[in-house]
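Novice: below are the sequence and a predicted model for it; my questions follow.
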Amino acid sequence: MKDYSKIITKLIKFLQTEVQKRGFQSVVFGLSGGIDSAVVAVLCKKAFGSNIQGLLMPSLQSSKSSLGDALELCKVFDISYSILPLEKPQQGFLETLEGLENNPARIGNLCARIRMIYLYDYAFANNALVIGTSNKSEILLGYGTIFGDLACAINPIGNLYKTEIFEIAKLLNLPQNIQTKAPSADLYEGQSDEKELGFSYLILDKIMQLLEQGFSKQEILNQNLPQKAIDMVIQRIKTMEFKRKIPEIAPL
């Protein structure tokens, strides 16, 4: 059993060390109202005090409850924030890019990249560093938008599985609405991580943890885990590896 109190302390120290190493004193992060960005926000608050900024960036598809949850977090933990709606740039792309309005996943990727434009613009204008909010489960499965929500300068939670994020959230005393809501990137109406992936994070994380420990596919099957989930995890980890690397440059 991991000591999550020690992990929290380590992550706060990581943030302070890595941000200072890069010559910055303040940070910025996106706040979706979900558990991952909420954990990152509170870790940053503990690490940097008032030298933080959360950007709340609702899209045309975002649920009002997500914005409300993000605002509650900011109030409870005294986190400075700005609300930057994606409505105008998103509408411009909808009018410009043919077929966009009929493809929810495509719109979701677009919104993720617009959000990163907002974050990096704020970082440039305010001499701040962009902090990532993707967890280990998402990173291994490639469940994120490259140059969108996967983009950042440093990431304090990238080695924590989704199920571990929930444990961290309990210790940080995040609002219950955030702790109990179904995982979602909120990129379009009704979007659900586990619905899109086909299995719960409880199952997927268990499989990834066993693979990390060196278990074979057959040994994982012997743990009474679904074969379809095992096959999906193995395939996604392999095929989505490019998202976890910097762009390949031709050797000369």
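Specialist: Good, I have the coordinates.
Novice: quick one, strands of this protein?
Specialist: Under the criterion DSSP state E, the chain contains strands at 26-30, 52-56, 81-83, 128-130.
Novice: mean confidence score for the third one?
Specialist: Pointing back at strand 81-83 there. For strand 81-83, the mean pLDDT works out to 98.
Novice: list of residues touching that strand?
Specialist: The contact list for strand 81-83 (Cβ atoms under 8 Å, 6 or more residues apart in numbering) reads Leu31, Gln53, Gly54, Leu55, Leu56, Met57, Pro58, Leu67, Ala70, Leu71, Cys74, Tyr122. Where C-beta positions appear, they are placed from N, C-alpha and C, glycine not excepted.
Novice: coming back round to it: columns mean neighbour count and distance to Ile207 on top of the strands of the chain, output as CSV?
Specialist: Putting the strands of the chain into CSV (neighbours: other Cβ atoms under 10 Å; distance: least, Cβ to Cβ, whole Å) gives the following:
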stretch, mean neighbour count, distance to Ile207
strand 26-30, 24, 28
strand 52-56, 23, 33
strand 81-83, 14, 36
strand 128-130, 21, 31
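Novice: could you dump those strands into JSON lines and include distance to Leu100?
Specialist: Supplementary listing: the strands of the chain in JSON lines, determined by distance: least, Cβ to Cβ, whole Å:
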{"stretch": "strand 26-30", "distance to Leu100": "22"}
{"stretch": "strand 52-56", "distance to Leu100": "23"}
{"stretch": "strand 81-83", "distance to Leu100": "24"}
{"stretch": "strand 128-130", "distance to Leu100": "26"}
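Novice: ok, which of the ones you listed comes nearest Leu202?
Specialist: For these, proximity to Leu202 was assessed by Cβ to Cβ; strand 26-30 is nearest, at 25.7 Å.
Novice: how deep is the spatially closest residue to Gln223 that is not a sequence neighbour tucked in, by neighbour count?
Specialist: Nearest non-adjacent residue to Gln223, counting by Cβ to Cβ, 6 or more residues apart in numbering: Leu210, 6.8 Å away. For Leu210, the neighbour count with other Cβ atoms under 10 Å is 18.
Novice: from Lys21, how far off is Leu210?
Specialist: 34 Å (Cβ to Cβ, to the nearest Å).
Novice: check Phe166 too.
Specialist: Applying Cβ to Cβ, the value for Phe166 to Lys21 is 30 Å.
Novice: between these two, who's got more neighbours?
Specialist: Regarding Phe166 and Lys21, a neighbour count based on other Cβ under 10 Å identifies Phe166 as having more, with 18 against 9.
Novice: quick one, what contacts that one?
Specialist: Ile35, Gln179 are the contacts of Phe166 under Cβ under 8 Å, 6+ apart.
Novice: ok, 10 Å please
Specialist: By Cβ atoms under 10 Å, 6 or more residues apart in numbering, the residues touching Phe166 are Ile35, Val39, Leu160, Leu174, Gln179, Thr180, Pro183, Tyr201, Leu202.
Novice: name the nearest residue to the last one, sequence neighbours excluded.
Specialist: In this structure, Leu202 finds its nearest non-sequential neighbour in Thr163, 6.1 Å apart by Cβ to Cβ, 6+ apart.
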